Every structure is written in structure tokens, then in C-alpha cells.
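pasting the sequence and the predicted coordinates here, then a few questions.
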Amino acid sequence: MLQKQTQPQYTKEQLWKLYDNLPPELQEAIFSSENSEQLDAVCQRYGVAENQIPETAKLIGRVLLGVLPPEDFPAALEKETGLKKETAKQITHEINRFIFAPVKDYLAQIYHLGVGAAESADTSKLKTQTEKTEAPGINEEASPAVEEKIKTTGETKNDSYREPLK
């Protein structure tokens with residue numbers, strides 16, 4: 001028989017405290033009617049039984065609250081709902097796309113900073129995934145050759161997107 005309740009249990013007070021500390025965007029995502037409709041559509045598409053939908057919603061909420069790392073969601077979904085591995089994987093793909101992706105920067109923030117119980121979670125995978133999606137060149141220093149050229153010639157590239165310093 002499927003073993004339930006493998007996720008840590010939290011009191012309502014603990015969950016509300018975690019919720020109160022979340023960025024407003026994640027708070028909104030937790031109770032979003034749009035996300036609820038997305039979840040219903042995904043579950044319908046993959047034939048998820050009615051009694052498995054609330055558990056799926058609960059797991060999504062745990063990710064958004066910062067207590068279940070996104071990379072652990074597929075395994076938790078499979079284990080907690082009893083879904084087949086392939087079905088859980090397909091559902092996860094759609095949940096990532098429609099529910100987690102719009103708030104991925106905020107999720108990266110809470111898992112990186114360790115808000116709530118996520119502090120003990122291994123967030124290196126999420127951080128690596130987030131870093132891969134950033135545009136190249138952001139937060140990078142100029143190469144030594146460029147630095148040297150600027151020093152010796154005083155030449156800088158005119159950037160039409162920057163405001164002039166006053």
C-alpha cells in the first residue's frame with residue numbers, strides 16, 4: 001500500500017507564518033484562481049482521479065510556500081498521490097510551465113535565501129537552473145583585454161541605452 005505523509009507536517013500557524021513572509025507574487029500564486037484552473041485542466045488531461053487533485057494542489061502549495069524544493073516535486077507527486085512515474089513527470093512538466101515558471105525568480109529567491117523550512121533544502125539545483133536561464137554577460141566583469149584597452153586609450157563603447165552621468 002502507498003505510504004502517505006512523507007512530507008514534514010506543519011501546523012496552520014506555521015504555514016500562515018511562512019505565507020506572511022513570502023513575496024506578494026508568491027502569495028498571489030498560492031490562491032490564484034488561474035492556477036487552480038490550470039491545475040484542474042492538467043489533472044483532467046492526464047486522467048488524475050478526483051481524490052488525487054487536492055493532494056496535488058497541496059504539493060504545489062508547498063513548493064510555493066518554500067517547504068518543498070521544485071526539484072523534489074515530481075517524486076513527491078508520484079509518492080503522495082500514487083500516480084505512475086511517467087504521469088507524474090508529464091504533470092510536473094505542465095505545472096512547471098504554467099504555475100512555477102511565472103514566479104520562478106521568486107522561487108529561486110526563497111530557496112536561495114532559505115525562507116522558512118527551505119533553509120535545510122539542497123538548493124544548488126534550483127540555483128544552477130536559474131543561472132542557466134539568465135542572459136549571458138549579466139553580472140560579468142569586463143575581460144582583462146577590454147579593461148586594459150579602456151585604461152590605455154580611455155576608449156569606452158558608447159551605450160545608447162544608458163543615461164549620461166551628471
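Arrived safely. Just so it is clear, the structure is predicted and the values come from calculations on it, not from any experiment.

mind listing what's buried in the helix or strand hosting residue 87?
Taking DSSP states H and E as the criterion, the element that holds residue 87 is helix 85-95. For helix 85-95, burial by neighbour count (16 or more other CB atoms under 10 Å) applies to 88, 90, 91, 92, 94, 95. All C-beta atoms are positioned from the backbone trio N, CA, C, and that covers glycine.

would JSON lines of those with distance to residue 63 be doable?
Converted to JSON lines, the buried residues of helix 85-95 look like this (distance: CB to CB, whole Å):
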{"residue": "88", "distance to residue 63": "14"}
{"residue": "90", "distance to residue 63": "17"}
{"residue": "91", "distance to residue 63": "13"}
{"residue": "92", "distance to residue 63": "10"}
{"residue": "94", "distance to residue 63": "14"}
{"residue": "95", "distance to residue 63": "9"}
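
any chance of those in a markdown table, plus pLDDT and distance to residue 18?
Shown next, in a markdown table, are those (pLDDT from 0 to 100; distance: CB to CB, whole Å):
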| residue | pLDDT | distance to residue 18 |
| --- | --- | --- |
| 88 | 96 | 25 |
| 90 | 97 | 29 |
| 91 | 97 | 24 |
| 92 | 97 | 22 |
| 94 | 97 | 25 |
| 95 | 97 | 20 |
